[in-house]
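Participant: need coordinates for the below:
(2 chains)
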Amino acid sequence: MAEKNVMFNDAMEQLEEIVKLLEQGDVPLEEALTLYQKGMELSKLCHDKLKNAETQLVTMMKDGKEVPAEIEGEGNAQ
Amino acid sequence: MATDPYLSVAALTKYIKKKFDADPHLRDVYVKGELSNVKIHTSGHIYFTLKDQKARMPAVMFSARAKSMKFRPESGMTVLIRGDISVYEASGQYQLYAQSMQPDGIGDYYLAFEQLKEKLNKEGVFNADHKQSLPRFPEKVAVITAQTGAAVRDIITTLKRRYPLAQIVLFPTLVQGQGAVQSIVQSIQQANRTDSDVLIVGRGGGSIEDLWAFNEEAVARAIHDSTIPIISAVGHETDTTIADFVADLRAATPTAAAELAVPSRIELLERVMGQRQIMFRHMTNDLEQRRIRLTQLQNSYPMAYPDRLYRPFIERIERAADALQRETVLTVRRSGDRLTMLSRQLDNRNPSDRIRQAERDLAILGDRLDQRIANVFNQREQQLKSAIRTLDALSPLKIMDRGYAIPFKHGEVVKSVDQLELGDQLSLSLKDGEVKTVIEAIDSKEKERD
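Facilitator: Numbers count the residues shown, from 1 in each chain, chains lettered A, B, ... in the order given. Predicted coordinates:
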C-alpha cells in the first residue's frame, strides 16, 4: 500500500516534469516522443490508481500493533 | 392634554425607557446567570434568556461584541455578563444588553490559557519557521482523536471520500476529561514512531472545558516536537486552543482538517487528465511545427533545385580548363621560340674555328717539341760517349795492367797502414787473379819521418 502511494506521488511529479519539459518545446523529437509515451503511461497509472484506490483503515493499539478498524456509524455519517 | 388624558403606548414606553436609561445603576451592571434559549441570529446577534432559579430576563448581545467572544454560548452555561439594562420599545420588554460575557468558573482557565499562550509565544513555539509543510500526496494519515464520536467519523468519511489512496491509521485517544492530556501526548508520540505523513489531532466541538486538554502545555509541546506535520482540528471556529496555535496547520472543523490533509481525488483526476491533455496538445503542436519546418526545408531553394548548387562549380571548372589549355599552348609556343633563339645564338658562337686554330697551334708546338727532344738526345749521346772514354781511361784494370795490385781486407779496400795489424790476412787483386798474404811487418811513412 505504502509503495503504491509512493509511486503515485512519484508518478505525479514525473508527469508534471514531463509536461513542463514538453511545454518548453526544445526537446529533440525522439526524446519528446519517449517523454510523451512515458507521460501517457504515468497519466494512466495515476488515473487508474485514483479510480481504483481503496482506503485501508487501521487502528493503532497501545502496544503499537495495527488492527483493522470499524468505525461506529461509519458510512451514514454526514 | 386636558381633552385627552390618555398617553399613547409609545409615549409611555418612551418615558419608561428614559427612566431606565437615566438610572446609573442600570447603565453598567454585572450580572451572573444561566443561559437558556440561546439563539444566534444570521446577523451574528445573540439572543438569549439569562436566568437563575428565581428569575429570568431577556438579553441580547450584538454581533460587534459577540465576535470578540472566546467561547460559544450554549444553553445551560453559567455566565458572567457585564452590560446595561434598557427597554426594547417595540415589545415593551426590558432587556439586558450584554457588552461582554465570560463563562463562570473558568476564569482561572482563561488566565492560565493567556499565560501559557504568552509564555509559548515568547519561546517562539508558534513561530512560522517551526511550521512544517504538508506532503502533497500523503500515503499514511494518522488520526488522533476519540474512537467514537462525530469527529472521527467526519475525518474518516472525508479522507475516504476525497483520497482513498491514503491509509488511515487511527490512534484511539482520550480527548477530554481525566487523563486526556497524557493520552493525547502519548498518541502524538506513538504516531511519530510510525511512518505517517501527516497527523490530524482533534475532536468535535464542545464546551471550553471539554476542549481544555488542548490548552495544556504538555500537548502543546508534543505537537511542537512532532516531526510529522500536524493539523489541529479542535472544536469550532469560535474556540481557538493553544494546540491550534502550535499546530502546523489549523482547521476549523474535523472535516476541514481531513480536507486539508489530503488532496481531492476528483481534482487530482482532473489534473491528471489536464496534464495528459496539455501533453497531447504540446506533442501535436510540436509535431506540426516540425512537419511545417520539414516542408519549409524541402521547399527551400537548395533542396528544390539541387543542380543549381553545383552549377557555378561546373562553370568555374570549364573556365579553368579553357584557361589551362590556352596557357599550355602559349607556354609551348613561347618555349619553342626561345629554343630557336638560343640555338641561333649557340650557332653564332660555334667553337670549330677555335678548335682548328688550336689544332694548328698544337701541331706547331709538337714539331718544336720533337726538334728540341732530338737536340737533347744528341747532346746527351755526345756527353755519354765522352764519359765512357774517360771512364775507360780511368779503369783500375788498366792500372793493374801496369802492375798495380789492390789490397782487400775482409772485402774492403785497404788505403792506409792504419787499417792493418800484424798477422792480418790480405787478399791482393791483380790483373789476372788474387793472392792471399799475411802481414809480416808494417812500416808507416809518418814513423819514418819521426
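
Participant: for chain A, which strand extends over the most residues?
Facilitator: strand A:56-60 (DSSP state E).

Participant: so does that one get close to chain B?
Facilitator: Yes: if you take C-beta under 8 Å from any C-beta of the partner chain as the test, strand A:56-60 does meet chain B, through A:Gln56, A:Leu57, A:Val58, A:Thr59, A:Met60. For every residue, glycine as well, the C-beta is placed using N, CA and C.

Participant: paired strands for that strand, with orientation please.
Facilitator: Sheet pairing of strand A:56-60 (DSSP bridges) gives strand A:66-68 (antiparallel), strand B:167-172 (parallel).

Participant: name the member of the residues of strand A:56-60 next to chain B with the most neighbours.
Facilitator: For the residues of strand A:56-60 next to chain B, neighbours were counted using other C-beta atoms under 10 Å in any protein chain shown, and A:Met60 has the most, 24 neighbours in all.

Participant: can you tell me the closest non-neighbouring residue to that residue?
Facilitator: Computed as C-beta to C-beta, 6 or more residues apart in numbering or on different chains, the closest residue to A:Met60 that is not its neighbour in sequence is B:Phe171, at 4.8 Å.

Participant: what's the answer for B:Val435, then?
Facilitator: Per C-beta to C-beta, 6+ apart, closest to B:Val435 is B:Leu428, 5.0 Å.

Participant: give the buried residues for the helix or strand hosting the one you found.
Facilitator: Using DSSP states H and E, the element containing B:Leu428 is strand B:425-430. By neighbour count on 16 or more other C-beta atoms under 10 Å in any protein chain shown, the buried set for strand B:425-430 is B:Leu426, B:Ser427, B:Ser429.

Participant: same deal with stretch B:91-101?
Facilitator: Under the neighbour-count criterion of 16+ other C-beta under 10 Å, stretch B:91-101 has B:Gln95, B:Leu96, B:Tyr97, B:Ala98, B:Met101 buried.

Participant: pass me the low-pLDDT residue ranges in chain A, would you?
Facilitator: Within chain A, the set of residues satisfying pLDDT under 70 comprises A:1-6, A:69-78.

Participant: ok, now the stretch 151-300 of chain B?
Facilitator: Residues of the stretch 151-300 of chain B that meet the cut-off, pLDDT under 70, sit at B:208, B:235-239.

Participant: next to chain A, which bits of the stretch 201-350 of chain B? Give me the list.
Facilitator: By C-beta under 8 Å from any C-beta, the residues of the stretch 201-350 of chain B that approach chain A are B:255, B:265, B:268-269, B:272-273, B:275-276, B:278-280, B:282-283, B:286, B:289-290.

Participant: which ones among those lie within helices?
Facilitator: When DSSP state H is applied, these are split such that B:255, B:265, B:268-269, B:272-273, B:275-276, B:278-280, B:282-283, B:286, B:289-290 fall in helices.

Participant: can you tell me which of those residues is closest to A:Lys51?
Facilitator: Nearest to A:Lys51, judged by C-beta to C-beta, of those is B:Leu269 at 7.5 Å.

Participant: check contacts around the nearest residue in space to that closest one that is not next to it in sequence.
Facilitator: Using C-beta to C-beta, 6+ apart and skipping the chain neighbours, the partner closest in space to B:Leu269 is A:Leu50 (5.1 Å). By C-beta atoms under 8 Å, 6 or more residues apart in numbering or on different chains, the contact set of A:Leu50 is A:Phe8, B:Leu165, B:Arg265, B:Leu268, B:Leu269, B:Val272.

Participant: rerun that using 10 Å as the cut-off
Facilitator: A:8, B:163-165, B:263-269, B:271-272 (C-beta atoms under 10 Å, 6 or more residues apart in numbering or on different chains).

Participant: just checking, next helix/strand downstream of the strand holding B:Leu428?
Facilitator: Downstream of strand B:425-430, the first helix or strand assigned by DSSP H and E is strand B:433-438.

Participant: distance from that next one to the middle of the chain?
Facilitator: 132 Å (C-alpha atoms, centre = their mean, to the nearest Å).

Participant: so what does it touch, helix or strand wise?
Facilitator: Contacting strand B:433-438 under the criterion 3 or more C-beta pairs under 10 Å, 6 or more residues apart in numbering or on different chains; DSSP states H and E are the following elements: strand B:406-409, strand B:425-430.

Participant: can you turn the buried part of the ones in helices among the residues of the stretch 201-350 of chain B next to chain A into a ChimeraX selection?
Facilitator: The ChimeraX selection below is limited to those of those classed as buried (16+ other C-beta under 10 Å):
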select /B:255,265,268,272,275,276,278,279,282,283,286
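
Participant: show me which of the ones in helices among the residues of the stretch 201-350 of chain B next to chain A is closest to B:Leu369.
Facilitator: Closest to B:Leu369, out of all of these and judged by C-beta to C-beta, is B:Arg290, at 107.6 Å.

Participant: pull the contacting residues for that closest one.
Facilitator: Here B:Arg290 is in contact with A:Leu29, A:Ala32 (criterion: C-beta under 10 Å, 6+ apart).

Participant: mind redoing it with 8 Å?
Facilitator: A:Leu29.

Participant: re earlier: what's the closest of the contacts of A:Leu50 to B:Ile399?
Facilitator: A:Phe8 (156.1 Å).

Participant: could you look up the SS state of the closest one?
Facilitator: The three-state label for A:Phe8, taken from DSSP: H, G, I helix; E, B strand; the rest coil, comes out as helix.

Participant: now do the contacts for it.
Facilitator: Applying C-beta under 8 Å, 6+ apart, the residues near A:Phe8 are A:Leu45, A:Cys46, A:Lys49, A:Leu50, B:Phe137, B:Leu165.

Participant: against B:Lys32, how distant is it?
Facilitator: Computed as C-beta to C-beta, to the nearest Å, the A:Phe8 to B:Lys32 distance reads 58 Å.

Participant: got it, and B:Lys54?
Facilitator: Relative to B:Lys32, and taking C-beta to C-beta, B:Lys54 is found at 13 Å.

Participant: do B:Phe137 as well
Facilitator: 53 Å.

Participant: looking at the two, which is more packed in?
Facilitator: Between B:Phe137 and B:Lys32, counting by other C-beta under 10 Å, B:Phe137 is the more crowded of the two (20 against 12).

Participant: and the more buried one, what's its pLDDT?
Facilitator: Here, the pLDDT recorded for B:Phe137 equals 89.
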